[in-house]
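**Student:** Task: produce atomic coordinates for the following.
(one chain, ligands or ions: 2)
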Amino acid sequence: MASQTRSCAVKKCEVSSCAVCHCCKNDLCLDHLKEHKDQLNAQLIPLGDQINTFLDDLEHFDPTSLSTFKQLEQWRILAHDTVDQFYKRMKYELFEQQKNKPLEKIHATRNMLDQLIQKQAATRENINSLTNDIRLIEQEVNALRNIHIKLCPLVIDDDLIIASTSENR
Ligand SMILES: [Zn+2]
Ligand SMILES: [Zn+2]
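**Tutor:** Residues are numbered from 1 along each chain as shown. Ligands and ions are numbered 1, 2, ... in the order given. Below is the predicted model:
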């Protein structure tokens, strides 16, 4: 029967093959095996060029111009606004609003005092009452300086922003 020798797979080549190419399983003679190998190696160049292009692209990749990045930036600005507004409200409720009560009492006591000074009509009762009022004012002013709060850190859940892959994938 036929020997193991097979002809080269390249058209019109009459040399018998010497090897089977591992990549395409073709029988090839020595010259064509070399040529075939050179062709394959030559394909490495454009592939390398593509890799270099991607590398270059990524090195110069600037996300700040992307609309998604601007969306994130906008989110950051709005989140800061929310924090600032909460801070302002708490500052008012915890401190500024609390000043009003002793302030009203101070004005009322001041009026009473001024009238008594003007009329020069102080009685023992007036003095006791004024002394008492002033002591209460002192307590309220001191209390203002001793407000304690318990603050929990603001936790930002990663789920607040859900990333989606780009549409061309
Ligand atoms: Zn091959
Ligand atoms: Zn050949």
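
**Student:** Now do the buried residues in stretch 11-23.
**Tutor:** Buried residues in stretch 11-23, counting neighbours by 16 or more other CB atoms under 10 Å, are found at Ser17, Cys21. For the C-beta atoms, the positions are set from N, CA and C on the backbone; glycine is no exception.

**Student:** What is the end-to-end distance of it?
**Tutor:** With CA to CA, to the nearest Å applied, stretch 11-23 spans 19 Å between its terminal residues.

**Student:** and the longest helix that the chain contains, how far from the chain's centre?
**Tutor:** Using DSSP state H, we find that the single longest helix of the chain is helix 67-91. With CA atoms, centre = their mean, to the nearest Å as the basis, helix 67-91 stands 11 Å off its chain's centre.

**Student:** Can you show me the strands along the protein?
**Tutor:** Remark: strands assigned in the chain by DSSP state E are 19-20, 27-28.

**Student:** The last one and ligand 2 in contact?
**Tutor:** No - judged by CB under 5 Å from the ion, strand 27-28 and ligand 2 are separated, with a smallest distance of 5.9 Å.

**Student:** do that strand and ligand 1 meet?
**Tutor:** No - counting by CB under 5 Å from the ion, ligand 1 is not contacted by strand 27-28; separation bottoms out at 7.5 Å.

**Student:** Paired strands for that strand, with orientation please.
**Tutor:** Strand pairing for strand 27-28, using DSSP bridges, gives strand 19-20 (antiparallel).

**Student:** Mind listing residues that contact the partner strand?
**Tutor:** Asn26, Asp27, Leu28, Leu30, Leu33 (CB atoms under 8 Å, 6 or more residues apart in numbering).

**Student:** Tell me both backbone torsions, phi and psi, for the closest residue to the fourth one other than its chain neighbours.
**Tutor:** In this structure, Leu30 finds its nearest non-sequential neighbour in Cys18, 5.1 Å apart by CB to CB, 6 or more residues apart in numbering. The phi and psi torsions at Cys18 (degrees, to the nearest 10) take the values phi -120, psi -10.

**Student:** correct me, but Cys18 touches Leu28?
**Tutor:** Yes - using CB atoms under 8 Å, Cys18 is in contact with Leu28, at 7.3 Å.
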